[in-house]
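Chemist: sequence first, then the predicted structure:
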Amino acid sequence: MPILIRVQGEMTLVEMRQAIWEALVECEDDLAVMRTRNASLFIHPTNEKGENVTVRNAFGVVVSRIVKKAYRSAAGEYKI
């Protein structure tokens, strides 16, 4: 069964990253979750006034999705 991690309120990405980190540490330390499959994170970009903004890349194309593969350290990959 999936675990929902919800971070509420307006914040900087640094604050968001810290809140997510703390939630993942809680899953690991308090709930003994050691592995997971996929994860989805939806962010709602805003300006300093809390108004929604449209995110564009360097070419002016609207960005609505970023997909990353699971991170594996070189040491883990080669079982060092």
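Modeler: Arrived safely, thanks for sending.
Chemist: what sits up against the longest helix seen in the chain?
Modeler: Secondary structure assigned by DSSP state H gives helix 13-29 as the longest helix of the chain. With C-beta atoms under 8 Å, 6 or more residues apart in numbering as the contact definition, helix 13-29 has outside contacts at 3, 5, 7, 11, 33-34, 41, 43. (Each C-beta comes from the backbone N, C-alpha and C, glycine too.)
Chemist: out of those residues, what pair is the most spread apart?
Modeler: Among the contacts of helix 13-29, the pair separated by the greatest distance (C-beta to C-beta) is Met11 and Met34, at 28.0 Å.
Chemist: who has more neighbours out of the two?
Modeler: Met11 (13 against 7; other C-beta atoms under 10 Å).
Chemist: same list (the contacts of helix 13-29) but as TSV, adding distance to Ala74 and secondary structure.
Modeler: Putting the contacts of helix 13-29 into TSV (distance: C-beta to C-beta, whole Å; DSSP: H, G, I helix; E, B strand; the rest coil) gives the following:
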residue	distance to Ala74	secondary structure
Ile3	29	coil
Ile5	28	coil
Val7	31	coil
Met11	33	coil
Val33	25	coil
Met34	21	coil
Leu41	25	coil
Ile43	29	coil
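Chemist: just the buried members of those residues?
Modeler: Among these, none counts as buried by neighbour count (16 or more other C-beta atoms under 10 Å).
Chemist: list the buried residues for the following helix or strand past the longest helix of the chain?
Modeler: The C-terminal neighbour of helix 13-29 among helices and strands, as given by DSSP states H and E, is helix 74-77. Of all the residues in helix 74-77, not one is buried under the rule 16+ other C-beta under 10 Å.
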